[in-house]
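1. Predicted model and sequence below, questions to follow.
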Amino acid sequence: MSSTTRRDFLRLGLAGVVPVFRGQESQDTATARLWQPEMAGRPQGRVTDYQNDPFVIGIEKRLRCTCGCNLDIHTCRTTDFTCTYSPALHREVVAMIEKDMSAEEILAAFVDKYSETALMAPPKEGFNWAGYLVPGVVITMVGSALLWILLRRQTAVSPTGVAAAVGAPFGTGLSSEDAARLQEELGQLDG
Amino acid sequence: MQTEAHLERALSREASFFFNNLLLVGMAFSVLWGTLFPIISELVRGTQVTVGPPFFNQVNIPIGLALLALTGIGPLIAWRRASPQNLRRHFLMPVGSSLLVATTLVMMGMRDLYATMALALAAFVIGTVVQEFVRGSGARHRLHGENYALAFFRLTGRNRRRYGGYIVHLGIVAYFVAFSGNAFKREVEASLKPGESVDLASPFGHTYTFTHIGVSQYEALNRFVSAATLEVRKDGRISGDPLTSEKRQHVDSFGRPTFEPSTEAAIRSTLREDLYVVYAGSVNGTEETVYRLTINPLVAWVWIGGAILVFGGVVTMWPGGGPGRRVGGESVGGYAAKIGDETVERIETPEPVAL
């Protein structure tokens, strides 16, 4: 067993080599300091209820962070822990909510302060409707035009196809060339 | 140079391919339009706008869903022309499975329109693909007396382009299923002292409890690591090993920090959901830690979908075999009926009509 006597142990403890009592204090893990706090990233504040509030998050997802990341405020503050802009913008949003401002009022206040680029998507008004509608309108128009061409070709080129489509016997709509080709193929199969 | 094949009917497989391509081009156009819109807006109104993810989601999700629908519709429509009878016969099972999935999801409380539509259409495409394999294998079984497993492999092996394409469709379905999972993402931020816990409910009905164990710091090669560790319990029971997220402060040869520290998320991945634990930082330089915890449902299916897609692509492109092979030293094309697989070599067509 250990060769250290009780007296030696007491002497070592008093000399601070074995910090018996001081050690007890530092074992309070709830508030223990990190060995090198400056190496653990930017210091964070305690999480508030606002940070998990769906209403706040909903507003933040519609507002762009001004740090240049092109992310919304919520995504930036929860993924880029070095950003100093998004936490400040979050505090701005919270301050407006505490003044009982509605979501639309907060968005309008951000537009007033930071211009329309503060919004993650253009508001649906005026010329901005073109942004939302043009792709759908173009696809619909081109699709309709192609469909019209197909339907015209269908009736012009292959009138017998209508009979086939409603269940006429197989081969009714075959041209003589196709019928000969089919016979040849079937002949090869039999052979 | 004129191709032998013509688009004759609006309701034909060729036409569905055609509209499929139109949607793909349309999707590319919408991305181009969204990218250019800030410049156009500045030109027209003198005001710049931001076009971010919400815009692209609003514009592209409906197009993506239409594309998924056509993925299922295409194989069900006959080449050249479709009759009401064969449409009814082919669509019955896939549409039925789609409606069944949609009804079940709504009854289970799902209210996200796009996610419900994506999953219902996924069921539709799966129904289509399964039906095609079942019918093809069944035909081989009846014609050649092969057992179903052998019939399945020979069916695929001898019609690689067609059935490899169906496998690719399954990969696309897996992607859409994974994308729909984003609608059910759960996340919470919490500052925890050692021993403190936070709960997070999974969209699949169980509850995770995360308990902060502590932060350890140590030196590693070229970096200084701060590691925050959480114990994970699922419905009260310990679930796997603790999860550790790290801050890595890289240092130069003198031990001085270089750049900002990077964050390493701890990820636990299952087929149903991924758990992400991110160590955001410490409060006042203590072990009290700010965590960001996220449940990302169905993420694994992005990887699975990719693997299926690659496999389907390999099957499709594997040389030799299939109706696209050369006949008598000449490459041929065109349409013809295909009766039985043993006739593959004689058929002068890039794709068979049906078995």
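-> Good, I have the coordinates.
2. helix, strand or coil for the closest residue to A:Met101 other than its chain neighbours?
-> Nearest residue to A:Met101, sequence neighbours excluded (Cβ to Cβ, 6 or more residues apart in numbering or on different chains): A:Ala109, at 7.0 Å. The C-beta positions use only the backbone N, C-alpha and C, and glycine is treated the same way. Classification of A:Ala109 using DSSP: H, G, I helix; E, B strand; the rest coil returns helix.
3. Next one: A:Ala109 relative to chain B, how far apart?
-> Here the criterion is Cβ to the nearest Cβ, to the nearest Å. By it, A:Ala109 lies 17 Å from chain B.
4. how many neighbours does B:Gly64 have?
-> Neighbour count of B:Gly64, defined by other Cβ atoms under 10 Å in any protein chain shown: 18.
5. What does the spatially closest residue to it that is not a sequence neighbour show for phi and psi?
-> With sequence-adjacent residues excluded and distances taken as Cβ to Cβ, 6+ apart, B:Gly64 is closest to B:Met27, at 7.1 Å. With angles defined as degrees, to the nearest 10, B:Met27 sits at phi -70, psi -40.
6. Residue 112: neighbouring residues, count only.
-> Because you didn't say which chain, this covers chain A. Using other Cβ under 10 Å, A:Asp112 is surrounded by 10 other residues.
7. look at chain B instead
-> With other Cβ under 10 Å as criterion, B:Asp112 counts 14.
8. Same question for A:Val138.
-> 15.
9. so is it in a helix, a strand, or just coil?
-> helix.
10. Contact partners for it?
-> Counting by Cβ atoms under 8 Å, 6 or more residues apart in numbering or on different chains, A:Val138 touches B:26, B:29.
11. Against A:Ser144, how distant is it?
-> Distance, A:Val138 to A:Ser144, by Cβ to Cβ, to the nearest Å: 11 Å.
12. again with B:Ser12
-> B:Ser12 is 18 Å from A:Ser144, where distance means Cβ to Cβ.
13. Dump stretch B:281-290 to PDB, restricted to CA.
-> C-alpha atoms of stretch B:281-290 as PDB (Å, rounded to 0.1, in the frame of the first residue of the first chain):
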ATOM      1  CA  GLY B 281     -19.800  27.400 -28.100                       C
ATOM      2  CA  SER B 282     -19.500  27.900 -24.400                       C
ATOM      3  CA  VAL B 283     -21.100  30.400 -22.100                       C
ATOM      4  CA  ASN B 284     -18.700  32.700 -20.400                       C
ATOM      5  CA  GLY B 285     -15.800  30.300 -21.000                       C
ATOM      6  CA  THR B 286     -17.400  27.600 -18.800                       C
ATOM      7  CA  GLU B 287     -18.600  24.100 -19.400                       C
ATOM      8  CA  GLU B 288     -22.100  25.500 -19.800                       C
ATOM      9  CA  THR B 289     -22.500  24.800 -23.500                       C
ATOM     10  CA  VAL B 290     -24.800  26.100 -26.200                       C
END
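14. Could you list the low-pLDDT ranges of chain A?
-> Within chain A, the ranges that satisfy pLDDT under 70 run A:1-31, A:156-176, A:187-191.
15. what about the helices in it?
-> Secondary structure of chain A by DSSP state H: the helices cover A:6-14, A:20-26, A:54-60, A:73-79, A:85-98, A:103-114, A:128-157, A:160-165, A:176-190.
16. Show me how chain A divides into domains.
-> Domain assignment of chain A by automatic domain parsing yields the ranges A:6-32, A:49-118, A:128-190.
17. Can you name the residue of the stretch 151-300 of chain B nearest chain A?
-> Nearest to chain A, among the residues of the stretch 151-300 of chain B, is B:Gly285, at 3.0 Å (Cβ to the nearest Cβ).
18. Around that residue, count how many other residues there are.
-> For B:Gly285, the neighbour count with other Cβ under 10 Å is 15.
19. B:Arg161 too?
-> The burial count assigned to B:Arg161 is 17, neighbours taken as other Cβ under 10 Å.
20. I'd guessed it sits against B:Thr316; true?
-> Yes - the criterion here is Cβ atoms under 8 Å, and B:Arg161 meets it with B:Thr316 at 5.4 Å.
21. Find residues that contact each of those two.
-> By Cβ under 8 Å, 6+ apart, B:Arg161 and B:Thr316 have no common neighbours.
22. so who does residue 94 touch?
-> Just so you know, I chose chain A. A:48, A:50, A:56.
23. The intended chain is chain B.
-> Applying Cβ under 8 Å, 6+ apart to B:Pro94 gives the contacts B:72, B:76, B:123-125, B:127-128, B:131.
24. how about 10 Å then?
-> Shown in contact with B:Pro94 (Cβ atoms under 10 Å, 6 or more residues apart in numbering or on different chains): B:72-73, B:75-76, B:121, B:123-132.
25. Identify the farthest-apart pair in these.
-> Maximum pairwise distance in the contacts of B:Pro94, criterion Cβ to Cβ, is 16.7 Å, between B:Leu121 and B:Glu132.
26. Perfect, that will be all.
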